[in-house]
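**Student:** predicted model, plus sequence, below.
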2 protein chains.
Amino acid sequence: MSEFDDALSVSDAAADLDPGWGIGAGINGGILMALSARTLAGAVAAAGGHGDPLVLSATFLSAAQSGPAWLRTEVLRTGRSFSTGEVSILQHGPDRDAERVRALVTYGDLARQSEPVWRCARPPQMPGPDCCVPAVRGGSAFARQIALLDRLDLRIDPATAGWATGQPSRKGELRAWVRFADGRDPDPTSLLFFLDALPPVTFDLGALGWAPTIEFTAHVRARPARGWLQISVTTSNVIGGLLEEDATIWDSRGAMVAQSRQLAGVRMPEDVST
Amino acid sequence: MSEFDDALSVSDAAADLDPGWGIGAGINGGILMALSARTLAGAVAAAGGHGDPLVLSATFLSAAQSGPAWLRTEVLRTGRSFSTGEVSILQHGPDRDAERVRALVTYGDLARQSEPVWRCARPPQMPGPDCCVPAVRGGSAFARQIALLDRLDLRIDPATAGWATGQPSRKGELRAWVRFADGRDPDPTSLLFFLDALPPVTFDLGALGWAPTIEFTAHVRARPARGWLQISVTTSNVIGGLLEEDATIWDSRGAMVAQSRQLAGVRMPEDVST
């Protein structure tokens, strides 16, 4: 079983959050969204609903830790074209049960909802994976805190990797190729993970700190082909300690397969002008 | 009391959805989002939480009708910087109670979270309100179905209003000035309404039908100044009967105050190429 499928396996509503999906002391939000969507999909299917996640909106309530967790699901509707449910991930907290994330997810049938393509965003021009900068844990003291990097084959466009050597482009964009390190092919649920797998786009603005997600909304628009995914992350509005981060993913055929927008927190250094 | 504040008044969790906020046989999603956020804000404040809506993600489950409705709220956390809750709007259905919309909303303090401005999107270049095309109910048979237009002073940039005379620009963009018809000033909650107040952006692609919202996520980034709001709506991906619609609002000082992304359904006419 792949590392990703292992992370998404739930038995009797109980999951184990593996530290291998960690970022610093917490667990990556993308793996929590994928786990949420996969678990709720089971409940929706059992109620006769649809199977492909089309849109997920997740609110992050407290930082998930590695270790035991459990999920709570509720099916809200099973309609003709769409089915919708709600899911929460909970863990035992010091005083009481702590809800980590709550998400609303609408499912449909991507085979019917991914064509015809009337209009779509084109992938950005960038060098191929072999000409990009691999993001590896040995790269810096900061990267060593990102256990998640071992699960990814992540190659960053050199034009948007200057922050790693103190020269951020300050354009507010990161571009990269990404796939699972263990060779697992991408599928719709994994796109929910990949949309949140890059470093914060604020790195490219010279702010090399965490950017904790407050809310994350993802749209899955097509089933991805096998092979590399190409991802672009941008921000246009960094205001008062908050920013929006927009991500778009194309598959190896160049098809737009997913996009997202999140609201995240950021602490901008005082000497930065953007 | 203004028409908008009247629509948002709730007594003992009961509301009345006025047909004046209608679009066709349903009720506009923006007014439902504003009603949800305002009602939940009361519950969050009662629990000691924050007062300004920062991010709302709403899932539309069934079409709301004019008439009685009630709201259900749940406070999920009241933290140091953010407070979060969940809210639903329900109505009596033919067989059983029908949930119309469910939303997760995070509140904060916009006075603290709207500056400094490190980076922000600039308002689009467009003619002033007096040189734009007023959207009025008498304009067409289609417009007569949109009761909501009587509540708005909506002026559409002529460059993106060609669809009204059979000449859509096909760029996938609408731009407009907007304010309440009765003179009420904009505030953070009203931005949740204005983000969804324009015609579907697919009009500009030659598809003159409804585009029902599946999911809508809104970010409020600053308290708007008095006066006109400027709004831009775009789409980049129209695929298999679904599209994303991104909206951005600037206030009369030119400050970016809110943005949104929704996933909506659309039926594209067969003779359209985009």
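**Tutor:** Noted; the coordinates are in hand.
**Student:** need the three-state assignment for the residue nearest the centre of chain A.
**Tutor:** Centroid check for chain A by CA atoms, centre = their mean gives A:D196 as the closest residue, at 2.5 Å. When classified by DSSP: H, G, I helix; E, B strand; the rest coil, A:D196 comes out as coil.
**Student:** and it, backbone torsions?
**Tutor:** Taking degrees, to the nearest 10, you get phi -110, psi 20 for the backbone angles of A:D196.
**Student:** residues contacting it?
**Tutor:** Neighbouring residues of A:D196 by CB atoms under 8 Å, 6 or more residues apart in numbering or on different chains: A:N28, A:G29, A:G30, A:M33, A:T213, A:F216, A:A247, A:S260, A:Q262. The way it works is simple: take the backbone N, C-alpha and C, and place the C-beta from them, glycine included.
**Student:** which one of those residues sits closest to A:R179?
**Tutor:** A:G30 (14.2 Å; CB to CB).
**Student:** backbone dihedrals for that closest one, please?
**Tutor:** phi -60, psi -40.
**Student:** double-check that A:S9 belongs to a strand.
**Tutor:** No - the assignment for A:S9, made by three-state DSSP, is coil rather than a strand.
**Student:** for the residue nearest to the centre of chain A, give me the pLDDT.
**Tutor:** Listed pLDDT for A:D196 reads 97.
**Student:** look up how far chain B lies from it.
**Tutor:** Using CB to the nearest CB, to the nearest Å, one gets 15 Å for the distance from A:D196 to chain B.
**Student:** and what of A:R221?
**Tutor:** According to CB to the nearest CB, A:R221 stands 5 Å off from chain B.
**Student:** so what's the nearest residue to that residue once chain neighbours are set aside up against?
**Tutor:** Sequence neighbours aside, B:I239 is the residue nearest to A:R221 in space, at 5.3 Å (criterion: CB to CB, 6 or more residues apart in numbering or on different chains). By CB under 8 Å, 6+ apart, B:I239 lies in contact with A:Q113, A:S114, A:E115, A:P116, A:V117, A:W118, A:R119, A:C120, A:R221, A:A222, A:M256.
**Student:** farthest-separated two in those?
**Tutor:** A:Q113 and A:R119 (14.9 Å).
**Student:** point out where chain A drops to low pLDDT.
**Tutor:** The model of chain A has pLDDT under 70 over residues A:271-274.
**Student:** outside of stretch A:32-45, which residues touch it?
**Tutor:** A:4, A:7-8, A:10, A:13, A:15, A:17, A:50-51, A:53, A:56, A:58, A:64, A:71, A:73-75, A:78, A:83-89, A:100-101, A:103, A:105, A:107, A:189-190, A:192-193, A:196, A:216, A:218.
**Student:** for ChimeraX, write the select line for the buried members of these.
**Tutor:** Buried residues among these (16 or more other CB atoms under 10 Å in any protein chain shown), as a ChimeraX selection:
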select /A:4,7,8,10,15,17,50,53,56,58,64,71,73,75,78,83,84,85,86,87,88,89,100,101,103,105,107,189,190,192,193,196,216,218
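**Student:** filter the contacts of B:I239 down to the ones in strands?
**Tutor:** Those of those mapping onto strands are A:V117, A:W118, A:R119, A:M256, per DSSP state E.
**Student:** can I get the buried part of the residues you listed as one ChimeraX selection?
**Tutor:** A single ChimeraX command selects the buried members of the ones in strands among the contacts of B:I239 (16+ other CB under 10 Å):
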select /A:118,119,256
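**Student:** using TSV, lay out the ones in strands among the contacts of B:I239 together with distance to A:R155.
**Tutor:** Putting those into TSV (distance: CB to CB, whole Å) gives the following:
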residue	distance to A:R155
A:V117	27
A:W118	31
A:R119	29
A:M256	20
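**Student:** now, which of the ones in strands among the contacts of B:I239 lie close to chain B?
**Tutor:** With CB under 8 Å from any CB of the partner chain as the criterion, the ones in strands among the contacts of B:I239 include A:V117, A:W118, A:R119, A:M256 near chain B.
**Student:** could you find the closest non-adjacent residue to the first one?
**Tutor:** Same thing as A:V117. B:I239 (5.1 Å).
**Student:** what pairs with that neighbour across the strands?
**Tutor:** Beta-bridge pairing for B:I239 (DSSP bridges): A:V117, B:L242.
**Student:** before we go further, A:G85 is sitting in a strand, right?
**Tutor:** Yes - under three-state DSSP, A:G85 falls within a strand.
**Student:** about what we covered before: which of the contacts of stretch A:32-45 fall within helices?
**Tutor:** Mapping those onto helices (DSSP state H) picks out A:F4, A:A7, A:T189, A:S190, A:L192, A:F193.
**Student:** farthest pair in these?
**Tutor:** Pairwise over those, using CB to CB, the maximum falls at A:A7 and A:L192, 12.2 Å.
**Student:** the stretch 101-250 of chain A against chain B: which residues are in contact?
**Tutor:** A:102, A:104, A:106, A:112-121, A:172, A:205, A:214-215, A:217, A:219, A:221-222, A:235-244.
**Student:** okay but A:N237 is in contact with B:R119, surely?
**Tutor:** Yes - A:N237 lies in contact with B:R119 (CB atoms under 8 Å); the separation is 6.5 Å.
**Student:** which neighbours do the two have in common?
**Tutor:** With CB under 8 Å, 6+ apart as the test, A:N237 and B:R119 both reach A:L243.
**Student:** okay, now A:A47: neighbour count?
**Tutor:** 14 (other CB atoms under 10 Å in any protein chain shown).
**Student:** can you pull the contacts of it?
**Tutor:** Each residue near A:A47 by CB under 8 Å, 6+ apart is listed here: A:V75, A:T78, A:S83.
**Student:** what subset of those residues is also close to chain B?
**Tutor:** Among the contacts of A:A47, none lies close to chain B by the criterion of CB under 8 Å from any CB.
**Student:** how about the residues you listed in TSV, adding distance to B:G227?
**Tutor:** Below are these laid out as TSV (distance: CB to CB, whole Å):
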residue	distance to B:G227
A:V75	45
A:T78	46
A:S83	43
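**Student:** and which of those residues is nearest to A:R151?
**Tutor:** The nearest member of the contacts of A:A47 to A:R151, counting by CB to CB, is A:S83 at 29.8 Å.
**Student:** gap between the closest one and chain B?
**Tutor:** 10 Å.
**Student:** I'd assumed A:V55 was in contact with that residue.
**Tutor:** No - using CB under 8 Å, A:S83 is not in contact with A:V55, being 11.7 Å away.
**Student:** contacts only, for A:L229.
**Tutor:** So, once contact is read as CB under 8 Å, 6+ apart, A:L229 ends up touching A:W177, A:V178, A:R179, A:P186, A:L191, A:F194, A:I249, A:W250, A:D251, A:S252, A:V257.
**Student:** quick one, which of the residues you listed are buried?
**Tutor:** Buried residues within the contacts of A:L229, defined by neighbour count using 16+ other CB under 10 Å: A:W177, A:V178, A:R179, A:P186, A:L191, A:F194, A:I249, A:W250, A:D251, A:V257.
**Student:** among those residues, name the ones in helices.
**Tutor:** Those of the buried ones among the contacts of A:L229 lying in helices (DSSP H): A:L191, A:F194.
**Student:** just the CA trace of stretch A:224-244, in CSV.
**Tutor:** The C-alpha coordinates for stretch A:224-244 follow below in CSV (Å, rounded to 0.1, in the frame of the first residue of the first chain):
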residue,chain,number,x,y,z
PRO,A,224,-5.5,13.7,-13.3
ALA,A,225,-3.5,11.6,-15.8
ARG,A,226,-0.5,9.6,-14.5
GLY,A,227,2.8,11.3,-14.0
TRP,A,228,4.0,14.7,-12.9
LEU,A,229,1.7,17.4,-11.6
GLN,A,230,2.5,21.0,-12.3
ILE,A,231,1.5,23.5,-9.7
SER,A,232,1.4,27.3,-9.4
VAL,A,233,0.7,29.2,-6.2
THR,A,234,0.2,33.0,-6.1
THR,A,235,-0.9,35.7,-3.8
SER,A,236,-2.2,39.2,-4.6
ASN,A,237,-3.3,40.5,-1.2
VAL,A,238,-1.1,40.4,1.9
ILE,A,239,-2.8,42.7,4.4
GLY,A,240,-2.6,43.0,8.1
GLY,A,241,-1.2,39.5,8.8
LEU,A,242,-3.5,37.7,6.5
LEU,A,243,-3.1,36.6,2.8
GLU,A,244,-5.0,34.6,0.2
